[in-house]
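[1] the following block contains a protein sequence and its predicted model.
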Amino acid sequence: MAGSNRVSITAGDIEIELEGAAIEVNERLGMVKEEDTWTILLERLRDARIAAIGAAQAAAKSSGLPERGSAFAALLSNCRLTKKPDQVLGAIHYLREVESLNDAPPRIINGLFEDAGFEPPGNLSLYLNRLRERGFLEIPEKTEDKNRFAILTTEGREHLNKRSSN
């Protein structure tokens, strides 16, 4: 039928089927959200998501994929990043490109070093500010100049590439 909308949600034995004009579907969806059934449905979806993440992690471990610490250690070794500023630059690269993190507060960066068996940088802001001064890192404007959102510049990538080819 023309102008008809349909919402279908299934989680286990709970099924929600709504069909009709947009305003009718929105109104009935609002009423469903107030019922206990909606809360149970959301809990089941949350549980299924947690189970799926756990299964993916277990599959990754059993297939021999490296854990983050060993993967980061391999990056430092393969790129010959022995100086702490270069290692911090490598950590930002790893977190951004491999783990797809947009926000890397100091605890995440320090944790990455610890997972790899390396001494954490200590005064991380000092390293990040020096890397910014050298033109290897930049902070996007919308992030209020916070170092945790640092990204590699073209110069920063070239620096890492030079280190790995030496």
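    All right, it came through fine.
[2] packing partners for the longest helix seen in the chain?
    The longest helix of the chain (DSSP state H) is helix 36-62. On a contact count with 3 or more C-beta pairs under 8 Å, 6 or more residues apart in numbering; DSSP states H and E, helix 36-62 meets strand 5-11, strand 14-20. C-beta coordinates here come from the backbone N, C-alpha and C atoms, glycine included.
[3] give me the element the most centrally placed residue in the chain is part of.
    Closest residue to the average C-alpha location of the chain: Leu101 at 3.7 Å, with C-alpha atoms, centre = their mean. Under DSSP states H and E, no helix or strand contains Leu101.
[4] one step back: figure out which of the helices and strands packed on helix 36-62 is closest to Pro85.
    Closest to Pro85 of the helices and strands packed on helix 36-62 is strand 5-11 (C-beta to C-beta; 49.5 Å).
[5] ok so, going back, what's the offset of the longest helix of the chain from the middle of its chain?
    18 Å (C-alpha atoms, centre = their mean, to the nearest Å).
[6] can you name every helix or strand that the helix or strand following that helix contacts?
    The helix or strand immediately downstream of helix 36-62 is helix 68-78, counting by DSSP H and E. On a contact count with 3+ C-beta pairs under 8 Å, 6+ apart, helix 68-78 meets helix 84-93, helix 106-115.
[7] flag every buried residue along stretch 88-97.
    Residues 88-96 are the ones in stretch 88-97 that count as buried (16 or more other C-beta atoms under 10 Å).
[8] JSON lines please, covering the residues you listed and showing pLDDT.
    Formatted as JSON lines, the buried residues of stretch 88-97 follow (pLDDT from 0 to 100):
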{"residue": "Val88", "pLDDT": "95"}
{"residue": "Leu89", "pLDDT": "94"}
{"residue": "Gly90", "pLDDT": "93"}
{"residue": "Ala91", "pLDDT": "94"}
{"residue": "Ile92", "pLDDT": "94"}
{"residue": "His93", "pLDDT": "91"}
{"residue": "Tyr94", "pLDDT": "89"}
{"residue": "Leu95", "pLDDT": "90"}
{"residue": "Arg96", "pLDDT": "89"}
